[in-house]
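# I would like to see how this sequence folds:
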Amino acid sequence: PAENLACDEALLDFSEENGGPEILRLWEPAQYFVVVGYANKVELEVNIENCSAKQIPILRRCSGGGAVVQGPGCLNYSLVLNFTENHLLQTITQTNGFVMERHREALQTHWGTAAIIKGHTDLAVGLLKFSGNAQRRRKNFLLFHGTFLLDFKIREIEELLKMPSKQPTYREGRSHEKFLMNLRRPPEELKLLLREVWDAADQLEFVPHFAKLLGEKYSRNDWNFKF
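Numbers count the residues shown, from 1 in each chain. Below you'll find the model as predicted:
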């Protein structure tokens, strides 16, 4: 998990430093782990005792948003986009709307999923959330990454996360289990759909080294447990 978080930031840094390319990255977690947002306080958002007992890593990402649990049954995506060349990506709010509307429309068109945009960064069916998203911005490029719940054991979240300190209005204080849902679609289908949505036809031949970020940041408690 730490390597995957480091890889996201390394891709953002690489595109920022080299003027591109724009990137779509897709990956599926092989183990359970907790990720808090950049400004989260771990002790406020996470049940540290239960995570320790279950040997669940607690990590911090470089983007905002709240704490999440990930594991088998999730599909993660990462977009690195040049916002200087797209007037619809000029602000955080505009970027949220642009990316999520693309995903919402694709799910509706191809699968008939009655998805709607809720809160600031969520996709939902009715009042049940199935995708959360966050972003990090540099001078010219941004990282927009998120997760789709496909066949995830949502009940696991109850034991690992506390009720979030900040909640979208539409959550109405519901527990994780009553707030979240799975799309129940094969990950390979969603991967193909996202590649089509973002016109990601060419495979990235070079992945920047992320060992430095991993060693100095994502594998260290002074980063993961800061604040």
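# got any ranges where the protein has weak pLDDT?
Along the chain, no part satisfies pLDDT under 70.
# Under a three-state scheme, what state does the most centrally placed residue in it occupy?
The structure's the chain has its C-alpha centroid closest to G146; by Cα atoms, centre = their mean the separation is 2.3 Å. State at G146, reduced to three classes by DSSP: H, G, I helix; E, B strand; the rest coil: strand.
# Run through the bridge partners of it.
Y77, N133 (DSSP bridges).
# If I follow the layout properly, it ends up in contact with K129?
No - using Cβ atoms under 8 Å, G146 is not in contact with K129; the gap is 11.2 Å. In this view, the C-beta of every residue, glycine as well, is placed from N, C-alpha and C.
# how close does the residue of the chain positioned farthest from its centre sit to F227?
The centre of the chain is farthest from one residue, A53, which by Cα atoms, centre = their mean lies 25.2 Å away. Distance, A53 to F227, by Cβ to Cβ, to the nearest Å: 23 Å.
# Go ahead and confirm F33 touches P1.
Yes - with contact defined as Cβ under 8 Å, F33 reaches P1; the gap is 4.2 Å.
# Compute the number of surrounding residues for the residue lying closest to W111 once chain neighbours are set aside.
Leaving aside its chain neighbours, W111 sits nearest to R185 (6.8 Å; criterion: Cβ to Cβ, 6 or more residues apart in numbering). By the criterion of other Cβ atoms under 10 Å, R185 has 16 neighbours.
# repeat for V42
Neighbour number of V42 under other Cβ under 10 Å is 19.
# Hmm, it is touching F225, no?
Yes - with contact defined as Cβ under 8 Å, V42 reaches F225; the gap is 5.3 Å.
# Please enumerate the shared neighbours of the two.
Here V42 and F225 have 58, 60 as joint contacts, going by Cβ atoms under 8 Å, 6 or more residues apart in numbering.
# Identify the contacts common to F33 and P1.
The contact lists of F33 and P1 share 57, 59, 70, where a contact means Cβ under 8 Å, 6+ apart.
# In the protein, which helix is the longest?
helix 92-111 (DSSP state H).
# Pull the residues that contact that helix.
Taking Cβ under 8 Å, 6+ apart as the rule, helix 92-111 contacts 79, 81, 83, 86, 88-89, 113-117, 120-121, 123, 131, 133, 135, 137, 142, 144, 185, 193-194, 196-198.
# same deal with stretch 149-169?
Contacts of stretch 149-169 (Cβ under 8 Å, 6+ apart): 32, 34, 41, 44-47, 50-51, 54, 56, 66-69, 71-75, 118-120, 122, 130-131, 173, 175-177, 180-187, 190.
# do the same with stretch 202-222
With Cβ under 8 Å, 6+ apart, stretch 202-222 has contacts from 2-3, 5-7, 9-11, 13-14, 21, 23, 25, 59-60, 223-224.
# of those residues, buried ones?
2, 5-7, 9-11, 13-14, 23, 25, 59-60, 224 (16 or more other Cβ atoms under 10 Å).
# Farthest-apart pair in these, please.
Farthest-apart pair in these is I23 and N224; separation 24.8 Å (Cβ to Cβ).
# Show me the helices in this structure, by range?
Going by DSSP H, the chain shows helices at 2-18, 42-45, 48-53, 92-111, 155-160, 176-179, 187-197, 211-213, 221-224.
# For the shortest one, buried residues please.
Burial within helix 211-213, assessed by neighbour count using 16+ other Cβ under 10 Å, is assigned to L213.
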